[in-house]
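> Got a sequence here, can you build the structure:
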Amino acid sequence: MMDIETVQTEVVVIGGGGAASRAALSAAQAGAAVRMISKAPLRKGGSTVHGASEMMGMGAAAGFGDGRDKPEIHFQDTMRPARGFIDEKLVRVLAEDAPARVCDLIDLGVQFDRLDSGAYRLIRSDFGSYGRAMSVAGRTGRAFVAALSDAIAAAGIAVDAPVALIDIVRDAAGRVCGALAYDSEARRFIHYRAPAVILGTGGMHGAFGLQVSTSEMMGDGQAIAYRHGAELVNMEFHQFGPAMIHPYVQLFSKSITVMRPQVTNALGEAFLPRYLPDGVTEADVFDEKVFPFTTSNVSRYLDIAMAREINEGRGTGRGGVWFSFAHVPEETLKAGAPNTFRWLADRGLSMRNDPLEVGIAFQCMNGGVRMVEPSTESSIPGLYVIGETAGGIRGPDRPGGNSLAEGQVFGHRAGVAAAARARIGEFSEPATLTETLDFLKSALERGAGCDIRSIAKSIQKKMQRLCLVEKDAKGLTETLETVRAARADLETALSLKPETLVEGLGIRNMAQASEIVLIACLNREETRSSHNRSDFPDADDDGFGQSFVISRSDEGPVLTPHRYA
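Residues are numbered from 1 along each chain as shown. The predicted structure is shown next:
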């Protein structure tokens, strides 16, 4: 017998990162009764909390820097690398609202980095015309979540964590009317009844062997929304690049690579030169390097070379290569990478004297559940999508600093919109809950079943090797076959116990989300920005100069061309 508790509220916020925290606070400030649920304990999970780099910041033309920088310039910087792939009205909102959201964070006590003069230290990020990204000692997202969590506690918002989303619940008219979750500590299901649900479950880091955040993000929100008929967009575009993988995880941005590390494989070979075409030097590659990977300049050869060395068995045991800065003066390292220098020293390591293990790590999805309105509402009425779960504002490339800005801008808008819906919404009867409970009952009563951890490892291994730096039809198809076989097992032979329920359902979602990504990657037969098809090495604006909206059919994902104005 399944123990099910019913909780009635007005707004359910699912997720515990920066976007979800902002949404919960804004919904409560707008007068709604809010319940926040998070798969990981608050302040412990998600990209916002765990992201770390020398250049991690929030982009906002807030008037703290060059007087020529305005929200209109921020808008243009975002549209320029992704026009046709992103929703102009969403980008306009992002650029215009970001200054107010930065000021909110300052009011909440976030101590952004300052110069000796007292002025805010502003970072000029990739694709940015001016310095506008504001940071907090390289761990900006953690500072955001800490401040927002304190505000959530002060506001008396109920937070259920660790509690994992099992499914959203819709009524007979297709509108969202709540969510089903599982409290693994109490071993009980919770049916949240609410007229508005905000989905901020993050990305699908757990689908890859190496990633810069936490592996509990397995594409839950994307997979669940897709199964309910929500539209997704831009799922073939994701961000990744060189990241230190031991003794802690940190992406390596331009401030690191511009110091031109010596790069060797596990055999001690300096391998990069053999991957460079005539006329391109190692210095060219390092000086142009940006994070994330892009095919738009010669820096791509570093990622390509690293991936091939690792995939061909010349990497380290953890799946990396070695970076050494022994040739760089210590004062240069301290000045150019102060956070990294300090973080390593705190762990008893020297950035100058110790080689660093670096792999290609997944960082972020650029696609997700399609926002159809600036309110963040999806194509399912009553379901709002935010943060990395959402799609429509990130295309093939995007300016650095936009990710944190998106979380704050659209988290706030989602909270306000969900509260407004709750004021006029009615508590309709659930129509989809029975089907979900029947699936769970069957899985919980099943005896022997498929090996979920073996399935997860097989997907992660192939996604890491064949769906990151270099893609081709052969590798993508091979991975898709693995994922589809896994999905078949997970749908028919998934055996759950109370202690494995969250893990098993997460792997089921991971397989579903991976299938969508792979089909989107196979469909885009061109090379563009982070999407690098070795069998289609050129961009094809005529055939692929637009997004593809993904929807569910009885036969599987259907892709429809969609060109944003």
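
> Which residue ranges make up the domains of the chain?
In terms of domains, the chain is parsed into 4-236+366-424, 239-363, 446-538 (source: automatic domain parsing).

> what's the spacing between the second one and its chain's center?
Remark: domain 239-363 is offset 22 Å from the chain centroid, using C-alpha atoms, centre = their mean, to the nearest Å.

> right, and the domains of the chain - which one's nearest Asp438?
domain 4-236+366-424 (11.7 Å; C-beta to C-beta). (Each C-beta comes from the backbone N, C-alpha and C, glycine too.)

> gap between the two ends of that closest one?
27 Å (C-alpha to C-alpha, to the nearest Å).

> ok, now stretch 4-16?
Termini of stretch 4-16 sit 23 Å apart (C-alpha to C-alpha).

> for that stretch, the distance to its chain's centre please.
Using C-alpha atoms, centre = their mean, the offset of stretch 4-16 from its chain centre is 23 Å.

> in it, what counts as buried?
Under the neighbour-count criterion of 16 or more other C-beta atoms under 10 Å, stretch 4-16 has 7, 9-16 buried.

> Packing partners of the lowest-mean-pLDDT helix or strand in the chain?
The weakest-scoring helix or strand in the chain, judged by mean pLDDT, DSSP states H and E, is helix 47-50 (a mean of 72). Contact here means 3 or more C-beta pairs under 8 Å, 6 or more residues apart in numbering; DSSP states H and E; on that basis helix 47-50 packs against helix 18-29, helix 140-154, helix 402-424.

> ok so, going back, closest to Ile190 out of the buried residues of stretch 4-16?
Taking those together and measuring to Ile190 by C-beta to C-beta, the closest member is Val7, at 5.9 Å.

> Please give me every residue in contact with the closest one.
For Val7, the contacting residues are 35, 190-193, by C-beta atoms under 8 Å, 6 or more residues apart in numbering.

> Mind doing that once more with 10 Å?
By C-beta atoms under 10 Å, 6 or more residues apart in numbering, the contact list for Val7 reads 35, 37, 158, 160, 178-179, 181, 190-194.

> Among these, which ones are in strands?
35, 37, 158, 160, 178-179, 181, 190-193 (DSSP state E).

> Make JSON lines from the residues you listed and add pLDDT and distance to Ala27 to it.
As requested, the ones in strands among the contacts of Val7 are exported to JSON lines (pLDDT from 0 to 100; distance: C-beta to C-beta, whole Å):
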{"residue": "Arg35", "pLDDT": "98", "distance to Ala27": "10"}
{"residue": "Ile37", "pLDDT": "97", "distance to Ala27": "13"}
{"residue": "Ala158", "pLDDT": "97", "distance to Ala27": "12"}
{"residue": "Asp160", "pLDDT": "97", "distance to Ala27": "15"}
{"residue": "Gly178", "pLDDT": "97", "distance to Ala27": "15"}
{"residue": "Ala179", "pLDDT": "98", "distance to Ala27": "15"}
{"residue": "Ala181", "pLDDT": "98", "distance to Ala27": "18"}
{"residue": "Ile190", "pLDDT": "98", "distance to Ala27": "19"}
{"residue": "His191", "pLDDT": "98", "distance to Ala27": "20"}
{"residue": "Tyr192", "pLDDT": "98", "distance to Ala27": "14"}
{"residue": "Arg193", "pLDDT": "97", "distance to Ala27": "16"}
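
> neighbour-wise, which of those leads?
Gly178 (29 neighbours; other C-beta atoms under 10 Å).

> Near the closest residue to Leu437 other than its chain neighbours, how many other residues are there?
Distances taken as C-beta to C-beta, 6 or more residues apart in numbering put Met2 closest to Leu437, at 6.9 Å, once the chain neighbours are dropped. Neighbour count of Met2, defined by other C-beta under 10 Å: 12.

> Check Ala173 too.
For Ala173, using other C-beta under 10 Å, the count is 9.

> mind listing what it touches?
So Ala173 contacts 381, 428, 431 (C-beta under 10 Å, 6+ apart).

> Could I get the domains of the chain in CSV, plus columns for distance to Pro557?
Formatted as CSV, the domains of the chain follow (distance: least, C-beta to C-beta, whole Å):
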stretch, distance to Pro557
domain 4-236+366-424, 8
domain 239-363, 21
domain 446-538, 5
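
> ok, back up a step: among the buried residues of stretch 4-16, which one lies nearest to Gly203?
Distances from Gly203 to the buried residues of stretch 4-16, taken by C-beta to C-beta, are shortest for Gly15, at 11.0 Å.

> contacting residues for the closest residue to the closest one other than its chain neighbours?
Nearest non-adjacent residue to Gly15, counting by C-beta to C-beta, 6+ apart: Gly200, 3.3 Å away. Residues in contact with Gly200 (C-beta under 10 Å, 6+ apart) are 13-24, 36, 38, 46, 48, 221, 376, 384-390, 407, 410-411, 414.

> winner for burial among the helices and strands packed on helix 47-50?
Stretch with highest mean neighbour count among the helices and strands packed on helix 47-50: helix 18-29 (a mean of 30; mean count of other C-beta atoms under 10 Å).

> Quickly list what the residue nearest to His205 when sequence neighbours are not counted is bridged to.
Spatial nearest neighbour of His205, chain neighbours left out: Gln211 (3.8 Å); criterion: C-beta to C-beta, 6+ apart. Applying DSSP bridges to Gln211 gives these bridge partners: Phe362.

> State the number of residues packed around Asp171.
20.

> what about it, distance to Glu377?
Asp171 is 16 Å from Glu377, where distance means C-beta to C-beta, to the nearest Å.

> All set, thanks.
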